[in-house]
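Sequence first, then the predicted structure, then my questions.
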Amino acid sequence: MKHTAVFVMPVKIAGNEMSLNHFRIAVESIKKQTDSDWKLVIVDDYSDDKRVSEAIEKVKSDLGEKVHVIYSDRNYGTGQARNKGVRYAAEIGAPFILFNDADDISDPTRLALVRGAFADETVNVVYTSFDVIDENGDPVPREKISKSVLEIIDGHKQDIVEGENAWIPIAIRKKYTNLTSCTAVRTSLAIEEPFPALSVSEDCHTWFRYAAHPGKFVFLREIKGGYRICSGTQSRSRSLNADFYERMFKADSDGFEQALKLAKKYGTTGGIDENEVRVGFYVRLALTLLHGASREYCKKVLDHANSISKEKTLYYIDRLPCDPEEKRSIKEMIPAD
C-alpha cells in the first residue's frame, strides 16, 4: 500500500513576474509527477507583496486538497519555513518528505524513484544530482557556474556518498553533496533533526546531523533536478549576505560538531579518530572557502586543522579534489616550523 508523500516548498519571493513564473514552474514540476500520491505544502514566509499570496491562492484553487498552505506571521527564514512543512507532513502521517524550493524543478519521476528507494527501511536520505539553469530555464554553461557549485556537481560523477556513516565522507571529502531541492528524507528523521535558525548553510548543518544517524544515504543516478541561479549571482544565499563566509564557517563548524556528538551516541563513527576527521573537515572546508575567494576564512580553518596536527593537515590537503595550483595555494597558508 502506498502512502502519501509530501513536497515541502518554502516561499519567500519577490512579486515580480519573473519570480512568480519560476514559482509556477516549480509547482508544475510537482503536478507532473508520474506517482500521483503526493501533497504539496507551501509555506509562505511572510511575503510582503500581495501578488505572491494571489499566486499561492491560485495554486491552491487549481489543485484543491493536493495543496496545503501555511502563512507565517513574520519572516522566519527558509529553514524554519521548511520545518513548518515538515511538522505538517508528520501530522498527516507522511512517511517521507521531498524538499523543493520555489524556483527549482523536480524531475517527473522523482517521487516514484524516491518511493522505491525508501522501500528499503534502512534508507534515511535519498538525493539526486542537478543541472544549473538560468532565469529562462536554459542550461548555464559550465564556465559560468561558480566553483563551489561545480564541487557538488563534479562530486556526483565520482566518489559518490552513499551508505552508512555518510557524515564522514561529507565532512572530509565533500562539504556539500546534496542540494536541498534534490533531497528527500524520512519524516521521522526530519522531525528529530530540524533545520537550525540560520540564514546561511542551514542545509549543510542539517545534512551533517541526518547523516550521523543510523541509516543509509542513497544517490539516484537516473534523474536530475533543476537548480535555478539567475544571471549575475553565484547562488541565492551568497547574493544576499555580505558576511556569507563568516556565517558559513560558523554554521558548518557547529553542524559538524553536532554530527560528531550524534555519531558517538549512535555508534556511527566508522572507527575513525575524532581529531583526524576534524582535521579532514577543516581542510575540506578550506577548499570551499578558497573557491569562494575568502582567503581570510580559508586561513582561519587551516589554522584550526594545523593546531590539531600539521601532519594530518598536509595529508588531507594532498587528497583534496582540486588542481595542483590550488593545493599549492592552500599549503602556503600553513606556517613553517
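Alright, I've got the coordinates. This one's a predicted model, so the numbers in the text were calculated from it and none came from an experiment. Residues are numbered from 1 along each chain as shown.

Show the contacting residues for residue 51.
For residue 51, the contacting residues are 15, 20, by CB atoms under 8 Å, 6 or more residues apart in numbering. For the C-beta atoms, the positions are set from N, CA and C on the backbone; glycine is no exception.

so after the strand or helix carrying it, what's the next helix or strand?
In this assignment (DSSP states H and E), residue 51 forms part of helix 50-63. Beyond helix 50-63 in the direction of the C-terminus, DSSP H and E gives the next helix or strand as strand 67-71.

How much space separates residue 126 from residue 203?
The gap separating residue 126 from residue 203 is 15 Å, by CB to CB, to the nearest Å.

What of residue 287?
Taking CB to CB as the measure, residue 287 and residue 203 are separated by 19 Å.

same thing with residue 141?
Going from residue 141 to residue 203 by CB to CB gives 25 Å.

quick one, which of the two is more surrounded?
It is residue 203, of residue 141 and residue 203, that has more neighbours when counted by other CB atoms under 10 Å, with 24 against 9.

Which residue is the nearest non-sequential neighbour of the more buried one?
The shortest distance from residue 203 to any non-neighbouring residue, by CB to CB, 6 or more residues apart in numbering, is to residue 180 (4.8 Å).

Buried ones in whichever helix or strand residue 149 is part of, by neighbour count?
Using DSSP H and E, the element containing residue 149 is helix 147-155. By neighbour count, with 16 or more other CB atoms under 10 Å as the criterion, the buried positions of helix 147-155 are 147-149, 151-153, 155.

same check, this time on stretch 294-308
Of the residues in stretch 294-308, 294, 297-302, 304-306 count as buried by neighbour count, 16+ other CB under 10 Å.

Which parts of the stretch 201-337 of the chain are strands?
Taking DSSP state E, counting those that start in this stretch as the test, the strands found in the stretch 201-337 of the chain are 216-228.

and if you look at the stretch 51-200 of the chain?
67-71, 96-99, 123-133, 183-186.

Where does pLDDT dip in the stretch 1-150 of the chain?
Where the stretch 1-150 of the chain drops to pLDDT under 70, the residues are 1-2.

In it, what residue spans correspond to helices?
Under the criterion DSSP state H, counting those that start in this stretch, the stretch 1-150 of the chain contains helices at 17-31, 50-63, 78-91, 110-118, 147-155.

and if you look at the stretch 201-337 of the chain?
Along the stretch 201-337 of the chain, the segments classed as helices by DSSP H, counting those that start in this stretch run 202-212, 236-240, 244-266, 274-291, 295-308, 310-318, 324-331.

in terms of contact count, name the helices or strands touching the third one.
With contacts defined as 3 or more CB pairs under 8 Å, 6 or more residues apart in numbering; DSSP states H and E, the secondary structure elements packing on helix 244-266 are helix 202-212, helix 274-291, helix 295-308.

and the spatially closest residue to residue 122 that is not a sequence neighbour, what are its bridge partners?
Here the nearest residue to residue 122 in space, its sequence neighbours aside, is residue 216; by CB to CB, 6+ apart that works out to 5.3 Å. Counting by DSSP bridges, residue 216 is bridged to residue 123.

which residues does residue 216 contact?
Under the criterion of CB under 8 Å, 6+ apart, the contact partners of residue 216 comprise 120, 122-125, 162-164, 166.
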